[in-house]
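> Quick one, structure for this:
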Amino acid sequence: MIPHDRKTLAPGIPDECFIRGPVPMTKEEIRTVALAKGKLFPGAVVYDLGSGTGSIAIEAALLACRGQVFAYEKNPAAVALIEQNKERFGVSNLQVIPAEAPDGLEHLPLAHTVFIGGSGGRLEEILQKSLTQLHPGGRIVMDAITVETLATGLGFAKAHGLRAEAVTVSVSRLEEIGSYHMWKALNPVHIITLTLEV
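Next comes the predicted model:
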């Protein structure tokens, strides 16, 4: 278990702290920006849809320490990883739901923030159901690799009168190659934030 004696209040847990396996994980720098866009607070209700290893859900549970976090994941191997990471970080306010989003979202308490990772080809449906489950003033934060996913998010915002914001995050990490150092670029990621204004 990760000790909490020097717990920080800012997102950005190093990638190597998570149990990984072959399941995709939102990288530290992308996760940090996405969580900042989510505007979490201690009592927030948060959904993490398409949770993967649970890195977003774990950090959200630490930030929304008096709230509730629901991690949706359909891949059994990924569900097992989320449970392992939940135990590793000692979070008790995270519930792992082994299902495909958005099935059953209507049974959860209304969310203040919804993070969308993987959508399994059901992005429009996930966005629609998430919107009906969102508190006024709540946010939907999407990570997108493709321009098509970005366009879907922006189109949904326009069609439903949501305030939309999008940023592209490009990260390069310094790596040691023999006696030299060079930058290694990661894939750029679009982060789209949709806000249901009061």
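> Tell me how far the residue of the chain positioned farthest from its centre lies from Ala185.
In terms of distance from the mean C-alpha position of the chain, Ser179 ranks first, at 36.6 Å (C-alpha atoms, centre = their mean). Distance, Ser179 to Ala185, using C-beta to C-beta, to the nearest Å: 21 Å. (Each C-beta comes from the backbone N, C-alpha and C, glycine too.)
> ok, now Leu123?
26 Å.
> more neighbours, these two?
Between Leu123 and Ala185, counted using other C-beta atoms under 10 Å, the more crowded position is Leu123 (20 against 9).
> Would you check that that one makes contact with Thr149?
Yes. Using C-beta atoms under 8 Å, Leu123 is in contact with Thr149, at 6.7 Å.
> ranges for the helices of the chain?
Secondary structure of the chain (DSSP state H): helices at 28-38, 55-63, 76-89, 123-132, 147-160.
> Give me the helices and strands touching the first one, please.
For helix 28-38, the contact count by 3 or more C-beta pairs under 8 Å, 6 or more residues apart in numbering; DSSP states H and E identifies helix 55-63, strand 111-116, strand 134-144, strand 163-169, strand 189-195 as packing neighbours.
> Which strands or helices does the last one pack on?
To tie it back to what came earlier, the one meant is strand 189-195. Under the contact criterion of 3+ C-beta pairs under 8 Å, 6+ apart, strand 189-195 touches helix 28-38, strand 134-144, helix 147-160, strand 163-169.
> Same list (these) but as a markdown table, adding distance to Val91 and mean neighbour count.
As requested, those are exported to a markdown table (distance: least, C-beta to C-beta, whole Å; neighbours: other C-beta atoms under 10 Å):
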| stretch | distance to Val91 | mean neighbour count |
| --- | --- | --- |
| helix 28-38 | 14 | 21 |
| strand 134-144 | 19 | 21 |
| helix 147-160 | 28 | 15 |
| strand 163-169 | 25 | 14 |
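> okay, the ones you listed in CSV with distance to Gly54 next?
Converted to CSV, these look like this (distance: least, C-beta to C-beta, whole Å):
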stretch, distance to Gly54
helix 28-38, 11
strand 134-144, 14
helix 147-160, 21
strand 163-169, 20
